[in-house]
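1. Fold the following for me, if possible:
(chains A and B)
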Amino acid sequence: MRFEIQAECPVTRARAGLIHTDHGVIPTPIFMPVGTQATVKGVTPQQLLDEVDPPIILSNTYHLFLRPGHETVRSLGGLHKFMQWPRAILTDSGGFQVFSLNSLRKISEDGVLFQSHLDGSPHMFTPESTVDVQLALGSDICMVLDECLEYPASRTAAKTSMDRTIRWASRGVRHWRERMQSIGANHALFPIVQGGMYADLRAECAGALVDLDAPGYAIGGLSVGEPRELSQEMTGVAAPLLPREKPRYVMGVGMPDELPEYVSHGVDMMDCVLPSRNARNGYLFTSEGRVIIKHSEYKEDSRPVDPNCGCYTCSRFSRAYLRHLFLAGEILYSTLSTIHNLRRYLDIMRQMREAIISGTFPDYLTAIRRDRAHT
RNA sequence: GGACGGGUGGGUGAGUGGUUAAAGCCAACAGACUGUAAAUCUGUCCCUCCUUGCGAGGUACGAAGGUUCGAAUCCUUCCCCGUCCA
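-> Okay, the predicted model is just below:
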């Protein structure tokens, strides 16, 4: 993996670049749709390519490890072939499941003992094993096993957790280096900055991880219930301490109007389930604000979901039709809404990229902030 | 004409003397969702009032009357609906 910076905003820390992978070039800043179980829910890979056009998507180590099993995926030719996704894939390590499956896991120095949410069976994840699983899947960008801490957490808890995350990162990177020597393909590994909502811990963690000289870095442990300003603040602390010449990835964010804020901190990559999950739950993101499709005001609304969107859904179907499909519980609703919401996110990223390259990103950011203040 | 069965809040459908303004489901109307245990979850859902409270009052289980301290629940009559027999 190689990262190339094309333009940097003279005012903010925003930059535009290209990440070169074995599965294509990723223009940054980029938003990565989430496809946890080897599928972006609701859409076919072809629909994703044609209508959303993301150069990279996310998948998940924990889920694919449990089902169908990473060795099964490997024997079927790897994740790209298995799910018929020709472009890049980033796999999360299962660190987020340390947080979300809180009641089903036990953390030790060695790693995390999970009880499967599917059948209750016990499984151990270590920094080394999650690298192996991700390499078996054939991930282009692997993530180090981390502990995604809950919010709120005491400083002591945050420190303990962060120290462990650093040790795990060190083990993960070492193991990855060893494995890379015997593998011809190109698989990056990103450590993840933790530290709860404590700025000094975030800084300490970033510093320690930089010493590992990894191909790229992530900032995790955000959007776990803290106020939005805190997520921004923590990003603002950690991002500048990460190497300029390597991609920075903020995990699990955010709402559309927050994306520019992260980019302004020098973030290159983001992912979030919001566009896909909210689509399925009836919450559509548009250039003019949100559309809760079940609202009766859309019952006879012949307008597209977003008049400024060129996606398949918006260029053909009315809000009234989408509402009908949603209320009727039709499968097609999920497909059409997911196509639109993901397209909206990717369009926002493309706009920002163009703004950075053309030198107008500060204006773009100002406009976004003005709109937010008005709503 | 006769014999059974049945009429419950927008719909369905529990409830067969008091803890029932009346379960559940559906519909309707809102809200939540941030490295996906999510095509999920939550709230409201008779009317009025206020000190917004496991608050007060009113109306309500086809209609009217009755029994009872107390009735959606028991009795009487009537009106509807369904099935069957003439």
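
2. Excluding chain neighbours, what is closest to whichever residue of the stretch 51-200 of chain A sits closest to RNA strand B?
-> In the stretch 51-200 of chain A, the residue that lies nearest RNA strand B is A:C148 (2.3 Å; CB to the nearest atom of the strand). The way it works is simple: take the backbone N, C-alpha and C, and place the C-beta from them, glycine included. Leaving out its chain neighbours, the residue that sits closest to A:C148 by CB to CB, 6 or more residues apart in numbering is A:F99, at 3.7 Å.

3. How confident is the prediction for that neighbour, by pLDDT?
-> On pLDDT, A:F99 comes in at 91.

4. Give me the buried positions along whichever strand or helix holds it.
-> Counting by DSSP states H and E, the element that carries A:F99 is helix A:95-100. Residues of helix A:95-100 classed as buried: A:95-99 (neighbour count, 16 or more other CB atoms under 10 Å).

5. swap in stretch A:299-310?
-> A:301, A:304-306, A:309.

6. ok, residues contacting that stretch?
-> Stretch A:299-310 is contacted from outside by A:284, A:286-288, A:291, A:293, A:313-320, A:322-323, A:337, A:340, A:343-344, A:347, using CB atoms under 8 Å, 6 or more residues apart in numbering.

7. so which of those residues also contact RNA strand B?
-> Near RNA strand B, judged by CB under 7 Å from any atom of the strand, there are no entries from the contacts of stretch A:299-310.

8. Just the residues you listed: which are in strands?
-> Of the contacts of stretch A:299-310, the ones assigned to strands by DSSP state E are A:284, A:286, A:291.

9. can you redo the residues you listed as CSV with neighbour count and pLDDT?
-> Conversion of the ones in strands among the contacts of stretch A:299-310 to CSV gives the following (neighbours: other CB atoms under 10 Å; pLDDT from 0 to 100):
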residue, neighbour count, pLDDT
A:L284, 27, 98
A:T286, 19, 98
A:V291, 23, 97
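
10. As TSV, the residues you listed with distance to A:G42 would be great.
-> As requested, the ones in strands among the contacts of stretch A:299-310 are exported to TSV (distance: CB to CB, whole Å):
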residue	distance to A:G42
A:L284	13
A:T286	18
A:V291	17
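
11. Pull out the buried positions in the strand or helix carrying A:R370.
-> Here A:R370, judged by DSSP H and E, is contained in helix A:361-374. For helix A:361-374, the neighbour count (16+ other CB under 10 Å) marks A:361-362, A:364-365, A:368 as buried.

12. swap in stretch A:193-208?
-> A:193-198, A:201-206, A:208.

13. can you tell me which two in those residues are farthest apart?
-> A:M197 and A:A208 (18.2 Å; CB to CB).

14. near RNA strand B, which residues of the stretch 1-150 of chain A?
-> A:34-36, A:40-41, A:58, A:60, A:63, A:92-93, A:95-97, A:99-101, A:103-104, A:117, A:143, A:146, A:148.

15. show me the residues around the residue of the stretch 51-200 of chain A closest to RNA strand B that make contact.
-> Taking CB under 8 Å, 6+ apart as the test, what A:C148 contacts is A:95-96, A:98-100, A:194, A:220-221, A:224.

16. swap in A:H63?
-> Taking CB under 8 Å, 6+ apart, we find A:H63 in contact with A:36-37.

17. Before we go further, it is sitting in a helix, right?
-> Yes: counting by DSSP: H, G, I helix; E, B strand; the rest coil, A:H63 is part of a helix.

18. Low-confidence regions, the stretch 151-300 of chain A specifically.
-> Residue ranges of the stretch 151-300 of chain A with pLDDT under 70: none are present.
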